[in-house]
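>>> mind folding the following:
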Amino acid sequence: MRTPLVITVAILGSVLLASCAATPEADPTSGSSSTPSRTGTASVTPTPTASPEAPAEQIAAPAGIIIGALATDIVDASGTVLLSLDYDTDGDEAVAQLTELIGEPTATENRPKAPHFFETDAAIWDGFEIGVLRPDEGITTPSRFTVQAKAASAAGLTIAAVDGTEVGGSFEAAQEGLPVDQTYSDPNYPPRALALELDPAMAADNVAYGLIATESESGGTIAMINAPDYVYDAA
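Predicted coordinates for the structure are as follows:
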């Protein structure tokens, strides 16, 4: 019999049509999208890691004092100049700069005016000193301050002249090779002295001016290195 099959197919067709009719169409004027949206997924932006700051540049520790005819340099262990003190610059500023670099002086001293000497304010670091000149008004000095070493080290720093001469070293060794006009030797007026380096701007026929090394009273060794100063030859 064919009748029941036809009825069954008709019923199924009706059910399918009803199902399609029950699905609502998207309203084109609606604000919502017909496209399904994702749920349950979060977008995570990684927090940037702060890069470490570069360490501040560190100034190398001072290791030595090098005395020359025109300036005294403070150097580190490699010989790099950390501070250069030109004798033509302000003496009080030189004291302040050296104090900032190596610490406070161990002593200060005022030396009154005397024959052949200007009034001087000295800042002393053990065996090394800066002497700030205080000339009378209107008087011009060859330099604004001087330096002096009476030891081979001070404040933990080694001290030497630019040619390597040190306090306590051999006077004869320092004298070797120097021209006669850079030496002073008079048995009537000891001690002997040497001009280790000259200031060319102060050259003269009978006098040398610059970096001076003076012999000890007992003889044979260097007792003091100072600059700038004069040395007179024996002639």
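
>>> need the contact list for Thr165.
Ala174, Leu196, Ala213, Ile222, Ile225 (CB atoms under 8 Å, 6 or more residues apart in numbering). Backbone N, C-alpha and C define where each C-beta goes, glycine included.

>>> from those residues, which is closest to Val75?
Ile225 (15.9 Å; CB to CB).

>>> which pLDDT value goes with the residue lying closest to the closest one once chain neighbours are set aside?
Take Ile225 and drop its neighbours on the chain: the residue closest to it by CB to CB, 6 or more residues apart in numbering is Ala149, 4.6 Å away. pLDDT for Ala149: 98.

>>> list the residues that contact Ala149.
Contacts of Ala149 by CB under 8 Å, 6+ apart are Ile65, Ile67, Gly127, Phe128, Ile159, Val167, Met224, Ile225, Asn226.

>>> the first one: helix or strand, and which one exactly?
Secondary structure assigned from DSSP states H and E places Ile65 in strand 64-67.

>>> before we move on, back to that, got phi/psi on the residue nearest to Ile225?
phi -120, psi 130 (degrees, to the nearest 10).

>>> who's Gly64 bridged to?
Following DSSP bridges, Gly64 is listed with bridge partners Val75, Thr158.

>>> state the distance from it to Ser185.
Distance of Gly64 to Ser185, given as CB to CB, to the nearest Å: 30 Å.

>>> dump the residue contacts of Asp121.
Contacts of Asp121 (CB under 8 Å, 6+ apart): Gly91, Thr108, Glu109, Asn110, Arg111, Gly131, Val132, Arg134.
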